[in-house]
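Undergrad: Got a predicted structure plus its sequence, pasted below:
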Amino acid sequence: MAIRLGDNQYGKAESRVVRIYRDTPRHQIRDLNVSTALRGNFEAAHISGDQSDVLPTDTQKNTAFAFAKEKGIGAIEDYALTLGAHFLDASPAASGARISVEEYAWERISVDGAEHDHAFVRGGSGVRNTIVNVSGRGADRRTHVVSGISDLVVLKSTGSEFHGFLKDKYTTLPETDDRILATSLVARWRYDHTEVDWDKSYDGIKQLLLSQFATIHSLALQQTLYGMGEAVLAEHPEVAEIKFSAPNKHHFLVDLSPFEVENPGEVFIAADRPYGLIEATVIRDEASDAGSAWHAVPGFC
Ligand SMILES: O=c1[nH]c(=O)c2[nH]c(=O)[nH]c2[nH]1
């Protein structure tokens, strides 16, 4: 019986890095969740327990904190790119590094109409994130950046229909030309290259996702997602492809007829499960090769 080690990676998951910039009385805060992983030739560690090639996960965590001070945190993409390149240099046995960063937004608290210098309230809509994959050395170096947003909870109270679907003997769903459409959107987009103004690109894509959700008259969540993706690719040449994972957060009209009360689309029950889960990729014909960009990104088809 021949047995061997298959794919493996190791690193420190979910280091919560909080960086305060306090050079002036008006502080700034950056609040990150950082996961790092190295992959490569780590057979000895697994098979014989020899750790000589292993840069400890503890060191990876320390580096994430040290770089927050030594190099500062610009766009999360730049921070992740710096960490990824560093880990490949620091670990000769590694063939690739994967750096995943989520950023939690804070907004200044307003007091008597003025923004406070050092008191913040957690910001609302969506969690920005990036996954940087770096592999190879020298001329073989390949870098992929997949950025995105999660937990972008959106709802429209009309402008959504769902009818004309395939029916069989188990179909009970009524057709509708007016329903609530709601989702907690996860979108991740792969950049074609790394010469990108990351913050500008993120802000533009987020705004486009929201405005498309609002303005597309939806015949299905699938059609809304495609329209959002098409608009992002049309307006953002730096993006090669975009993937969506969208739970259909069903809102069912409550039957108030037992109480002789009419309910013309006004009272709904928000069901939390089960939910339809709609996933789609929208991609350019001429998109660059994805390489390892989607390596170990769970939940995306
Ligand atoms: O937008 C929708 N897409 C579906 O595929 C689907 N299926 C379903 O029952 N409701 C919906 N809604």
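TA: Happy to help now that I have it.

Undergrad: What residues does residue 275 make contact with?
TA: 247, 248, 249, 250 (Cβ atoms under 8 Å, 6 or more residues apart in numbering). C-beta coordinates here come from the backbone N, C-alpha and C atoms, glycine included.

Undergrad: Quick check on these: which are buried?
TA: Buried subset of the contacts of residue 275 (neighbour count, 16 or more other Cβ atoms under 10 Å): 247, 248, 249, 250.

Undergrad: I figured the last one was touching residue 272, is that so?
TA: No - in this structure, residue 250 sits apart from residue 272 without contact. The criterion is Cβ atoms under 8 Å, and the distance is 9.0 Å.

Undergrad: in the longest helix belonging to the chain, what's buried?
TA: Longest helix in the chain by number of residues (criterion: DSSP state H): helix 198-215. Using 16+ other Cβ under 10 Å as the burial criterion, the residues of helix 198-215 that qualify are 198, 201, 202, 205, 206, 208, 209, 210, 212, 213.

Undergrad: now swap in stretch 72-83 and tell me
TA: Using 16+ other Cβ under 10 Å, the residues of stretch 72-83 that count as buried are 73, 75, 76, 77, 78, 79, 80, 81, 82, 83.

Undergrad: Phi, psi for the third one please.
TA: What it means is residue 76. Here the main-chain torsion angles of residue 76 (degrees, to the nearest 10) amount to phi -60, psi -30.

Undergrad: can you check the last one too?
TA: Residue 83 adopts backbone torsions of phi -60, psi -40, taken as degrees, to the nearest 10.

Undergrad: Per-residue pLDDT of the spatially closest residue to it that is not a sequence neighbour, please?
TA: What sits nearest to residue 83 in space, not counting adjacent residues and going by Cβ to Cβ, 6 or more residues apart in numbering, is residue 99, at 4.9 Å. The model reports residue 99 with a pLDDT of 98.

Undergrad: Look up how far residue 191 lies from residue 99.
TA: Here residue 99 is placed at a distance of 14 Å from residue 191 (Cβ to Cβ, to the nearest Å).

Undergrad: So for these two, which sits in the more crowded spot?
TA: The residue with more neighbours, out of residue 99 and residue 191 and counting by other Cβ atoms under 10 Å, is residue 99; that gives 28 against 24.

Undergrad: Look up phi and psi at the more buried one.
TA: phi -120, psi 120.

Undergrad: Residue 282 now?
TA: Main-chain dihedrals, residue 282, degrees, to the nearest 10: phi -120, psi 120.

Undergrad: could you list every residue that touches it?
TA: Applying Cβ under 8 Å, 6+ apart to residue 282 gives the contacts 225, 226, 229, 230, 232, 233, 241, 242, 243, 244.
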